[in-house]
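*Asks:* Structure of the sequence below:
(chains A, B, C and D)
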There are 2 protein chains.
Amino acid sequence: MARQNQRITESQQSMLSFIQDYILTNGRPPTFRDIQRGANISSLSMVSHHLDALRDAGEIEFSEGSSRGVWVKGLPKPGDFMRVPMCGVITCDGEHGVPTPDADALRNAEDWIPVARSLVGNAKMEDLYALRASGDSMIDAMINDGDLIIMRRNFDYKDGGLYAVMLSDRNETTLKRVFKDGKKFKLKPENPRLKPFWVDAQTTQLQGRVVCVVRAM
Amino acid sequence: MARQNQRITESQQSMLSFIQDYILTNGRPPTFRDIQRGANISSLSMVSHHLDALRDAGEIEFSEGSSRGVWVKGLPKPGDFMRVPMCGVITCDGEHGVPTPDADALRNAEDWIPVARSLVGNAKMEDLYALRASGDSMIDAMINDGDLIIMRRNFDYKDGGLYAVMLSDRNETTLKRVFKDGKKFKLKPENPRLKPFWVDAQTTQLQGRVVCVVRAM
DNA sequence: GGTATAATAGAACAAAAGTTCCCTTAACCT
DNA sequence: AGGTTAAGGGAACTTTTGTTCTATTATACC
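*Replies:* Below is the predicted model:
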């Protein structure tokens, strides 16, 4: 039986760190010989042994019979993330409003924000874009100056969500929490200290849904 | 000269999509033979040709002479991200306050949140943990019910940052924006409608710094 | 001290994977 | 139609890389 089932030795630990660093640095797993060199293991068979031990200990997993098949458990994989194009600034000063970029603008953006897929639900990458909030005009929606706002085009309407709302009669686009109320929309600022108000559904367009707000500090 | 410097053919495009999908699904790049099978390319030499074309078009990059060396440009790499352990809930009702887990609690957390490294600056992974905000008691700090708060132990003090502040005389821990003001700390709620107040630096401990706030909707 | 057991080193081997060559087919131009 | 050029197909070849085997050294136990 494998004695190493519980604890791993020092050289196995250093091997594990090397493999993790290698993956983080190079974006792909190392070969056995990469590991031998990088973690100062004396022979290839030792690499193989230690890998077995690490797998028994539940630290790594690897697909046998194929190259570069080692992976450190729990390490994030590229598929856990998406890139979202950065498409401008929300000022909400009435003049600019909330920008709604088209497909071309999305594809050719120069700035891309990496975002965990778990944050954006089942949204397709083509439908997502990011905006930067400017000023404190969205403080009612609990959005602060500098916040990153991730928006989704082609959303499925969900009552009570935050939307980029276009009021065509006032020629104004803002972010508000939206509820359907017969032939009217109830627009409710996110801040509970402010009162909701109603608008006519005919003169109202929901241009995008706020999927996520990120504030780095 | 290579004609394909500008545009890529249809089969090259489908090859590119396959490679991207493969990386996202498997977490490592495909081999030439994987590509041949997966993208229905008739021969290995065609795979090689198309890869050259895609590289000339700036769509991919690859390290020659080593296996699984293809990478789609712009695709996020594991090194772009970190995992942050989820360590409980902030209620801020005076009874619980803001939890401050120790190193062991961090390592053995059951839930891990993937976070873009660009969000957390130069913080080490061991110093980061995540909390879930509960209730609207932190609305003054522009933090809403359900928000994900990423905290950092072992921070370097930065004037004007959001901190988990422990007031030992009141036996209370809350999140506030902090400024040094002689021998006192000025604690300023994030909401500009509320007034700041001062506390004695001696009876005050800064237990952690808020690095990032994430709100999924 | 001797024996059994595990750890180690080194090399050879086998499989996987990248590279190249040559011939065929299609497209294009005059 | 003929010739030139690009695209495609297939296979052989070389390098990279995973696997295994055996002889050797260290360790533990009696």
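*Asks:* How far off centre is the helix or strand bottoming out on mean pLDDT in chain A?
*Replies:* Within chain A, no helix or strand scores below helix A:103-107, which has a mean of 78 by mean pLDDT, DSSP states H and E. Chain-centre distance of helix A:103-107: 19 Å, with Cα atoms, centre = their mean, to the nearest Å.
*Asks:* just stretch A:183-196 next, same as before
*Replies:* 28 Å.
*Asks:* got the domain boundaries for chain A?
*Replies:* A:10-72, A:78-214 (automatic domain parsing).
*Asks:* mean pLDDT lowest for which of those?
*Replies:* Lowest mean pLDDT within the domains of chain A: domain A:78-214, a mean of 83.
*Asks:* so how far is it off the chain centroid?
*Replies:* 16 Å.
*Asks:* Which one of the domains of chain A lies nearest to residue B:37?
*Replies:* domain A:10-72 (13.4 Å; Cβ to Cβ). From N, CA and C alone the C-beta is placed, and that goes for glycine too.
*Asks:* re earlier: buried sites along the least confident helix or strand of chain A?
*Replies:* Within helix A:103-107, the residues scored as buried using 16 or more other Cβ atoms under 10 Å in any protein chain shown are residue A:106.
*Asks:* elements contacting that helix?
*Replies:* strand A:81-90 (3 or more Cβ pairs under 8 Å, 6 or more residues apart in numbering or on different chains; DSSP states H and E).
*Asks:* Using PDB, write down the CA coordinates of the strand it packs on.
*Replies:* What follows is strand A:81-90, C-alpha atoms only, in PDB (Å, rounded to 0.1, in the frame of the first residue of the first chain):
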ATOM      1  CA  PHE A  81     -13.300  32.900 -17.300                       C
ATOM      2  CA  MET A  82     -14.400  35.300 -20.000                       C
ATOM      3  CA  ARG A  83     -13.000  38.400 -21.500                       C
ATOM      4  CA  VAL A  84     -15.400  41.400 -21.700                       C
ATOM      5  CA  PRO A  85     -14.700  44.300 -23.900                       C
ATOM      6  CA  MET A  86     -14.400  47.700 -22.300                       C
ATOM      7  CA  CYS A  87     -16.800  50.100 -24.200                       C
ATOM      8  CA  GLY A  88     -16.600  53.500 -22.600                       C
ATOM      9  CA  VAL A  89     -17.900  55.500 -19.700                       C
ATOM     10  CA  ILE A  90     -21.300  56.200 -18.200                       C
END
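*Asks:* how about the CA coordinates for the least confident helix or strand of chain A, as CSV?
*Replies:* Taking C-alpha atoms only, helix A:103-107 is exported to CSV below (Å, rounded to 0.1, in the frame of the first residue of the first chain):
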residue,chain,number,x,y,z
ALA,A,103,-21.4,44.1,-32.4
ASP,A,104,-18.4,45.6,-34.3
ALA,A,105,-17.5,47.9,-31.5
LEU,A,106,-17.5,45.0,-29.1
ARG,A,107,-15.2,42.9,-31.2
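*Asks:* burial of residue A:118, as a residue count?
*Replies:* Other residues within reach of residue A:118, judged by other Cβ atoms under 10 Å in any protein chain shown, total 11.
*Asks:* Name the nearest residue to it, sequence neighbours excluded.
*Replies:* residue B:114 (6.8 Å; Cβ to Cβ, 6 or more residues apart in numbering or on different chains).
*Asks:* Next up, the contacts around that neighbour.
*Replies:* A:76, A:80-81, A:116, A:118, B:81-84 (Cβ atoms under 8 Å, 6 or more residues apart in numbering or on different chains).
*Asks:* Of the residues you listed, grab the buried ones for ChimeraX.
*Replies:* Per 16+ other Cβ under 10 Å, the buried members of these correspond to this ChimeraX selection:
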select /A:76,80,81,116 /B:81,82,83,84
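*Asks:* Tabulate the contacts of residue B:114 (a markdown table), appending distance to DNA strand C.
*Replies:* Converted to a markdown table, these look like this (distance: Cβ to the nearest atom of the strand, whole Å):
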| residue | distance to DNA strand C |
| --- | --- |
| A:76 | 23 |
| A:80 | 23 |
| A:81 | 24 |
| A:116 | 29 |
| A:118 | 30 |
| B:81 | 25 |
| B:82 | 29 |
| B:83 | 27 |
| B:84 | 33 |
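*Asks:* Closest one of the contacts of residue B:114 to DNA strand D?
*Replies:* The nearest member of those to DNA strand D, counting by Cβ to the nearest atom of the strand, is residue A:76 at 21.1 Å.
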